[in-house]
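**Student:** Next comes the sequence, and after it the predicted model I'd like to discuss.
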Amino acid sequence: MYVPTHFAPDDEAVHELLAHHGAADLVTMTEDGLVATMLPFVYDRSRNVLLGHLARNNDHWQRTVIGDALVIMRGPDAYISPTWYASKRDHGRVVPTWNYITAHVHGTMTVYDDPAWVEDVVRRLSDHHEAGRAEPWSVDDAPKKFITGQLRAIVGVEIAIKRIEAKFKLSQNRPDADIDGVIAGLHAEGDEPSAAAVARRRPTG
């Protein structure tokens, strides 16, 4: 991944993305070429692994992986209009761009066809995404027999992380007045996550 210095995040920002990403793309090279599946992961920082599950009917998990697996994670992203830049009014030498947060996680993929292992991941995923809700759903809210059947329909995957390439492209290369314009423009379009991301990564000093 091409990462100019001003778009390189610190380690804590990367860990935060891994812990609070949306669904990610799991990509592996197989004898039949590249295979990709979109799914959420739980990040276990203490073990430096990503944990998830695939539908048993999805043969992605049965295909032999050549080399490392790649998990592509994303944060907020947004089109950035040059009309938001103060620089447009000053000299006009501006063009559109795209702001985004992404991390490419490389690692060894292991499949777990073990109901107990998978249940633990399902519980962790559910608890993570239900946290903060007024009435959070729990695996225990559903009939045990039903959950047992659901668990038989999925298999677990673990990605042991070897390296991470991350890029937080959030207008850090623009003058202060242009960053103000970007934040205001994103707010006006109702894209609060992207506006907040730009504000958080604003250069200081």
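**Tutor:** Great, that's in hand. Numbering: from 1, shown residues only.
**Student:** Summarise which helices and strands the helix or strand of the chain with the lowest mean pLDDT is packed against.
**Tutor:** Sorting the helices and strands of the chain by mean pLDDT, DSSP states H and E puts helix 86-90 at the bottom, at a mean of 89. Under the contact criterion of 3 or more CB pairs under 8 Å, 6 or more residues apart in numbering; DSSP states H and E, helix 86-90 touches helix 176-188. For the C-beta atoms, the positions are set from N, CA and C on the backbone; glycine is no exception.
**Student:** Tell me the buried residues in whichever helix or strand comes after the helix it packs on?
**Tutor:** Next along the chain after helix 176-188, taking DSSP states H and E as the criterion, comes helix 192-200. Neighbour-count burial for helix 192-200, counted by 16 or more other CB atoms under 10 Å, picks out Ser194, Ala195, Ala197, Val198, Ala199.
**Student:** Report the spatially nearest residue to the third one, omitting neighbours in sequence.
**Tutor:** Distances taken as CB to CB, 6 or more residues apart in numbering put Pro76 closest to Ala197, at 4.9 Å, once the chain neighbours are dropped.
**Student:** And that neighbour, how close does it get to Asp11?
**Tutor:** 20 Å (CB to CB, to the nearest Å).
**Student:** More neighbours: the two, which one.
**Tutor:** Pro76 (18 against 9; other CB atoms under 10 Å).
**Student:** I'd assumed that one was in a strand, is it?
**Tutor:** Yes: assignment of Pro76 by DSSP: H, G, I helix; E, B strand; the rest coil places it within a strand.
**Student:** if I read this right, Trp61 contacts Gly52, doesn't it?
**Tutor:** No: the pair Trp61 / Gly52 is not scored as a contact, 10.5 Å apart, by CB atoms under 8 Å.
**Student:** tell me, what's touching these two both at once?
**Tutor:** Common neighbours of Trp61 and Gly52 (criterion: CB atoms under 8 Å, 6 or more residues apart in numbering): Val157.
**Student:** now the end-to-end length of stretch 27-39.
**Tutor:** 11 Å (CA to CA, to the nearest Å).
**Student:** pLDDT averaged over it, what's the number?
**Tutor:** Mean pLDDT, stretch 27-39: 97.
**Student:** The one helix or strand Glu12 maps to: how far from the chain's middle?
**Tutor:** Element membership of Glu12 [criterion: DSSP H and E] is helix 11-19. Mean-position distance between helix 11-19 and its chain equals 10 Å (CA atoms, centre = their mean, to the nearest Å).
**Student:** next one: stretch 123-134
**Tutor:** Distance, centroid of stretch 123-134 to centroid of chain: 17 Å (CA atoms, centre = their mean).
**Student:** What residues of it count as buried?
**Tutor:** Here stretch 123-134 shows Leu125, Ser126 as buried, counting by 16+ other CB under 10 Å.
**Student:** repeat for stretch 75-89
**Tutor:** Gly75, Pro76, Asp77, Ala78, Ile80, Ser81, Trp84, Tyr85, Ser87, Lys88.
**Student:** List the contacts of the residue nearest the centre of the chain.
**Tutor:** Taking CA atoms, centre = their mean, the centroid of the chain lies closest to Met73, which sits 2.8 Å from it. Shown in contact with Met73 (CB under 8 Å, 6+ apart): Leu17, Leu18, His21, Ala24, Phe41, Thr102, Ala103, His104, Val105.
**Student:** Done for today, thanks.
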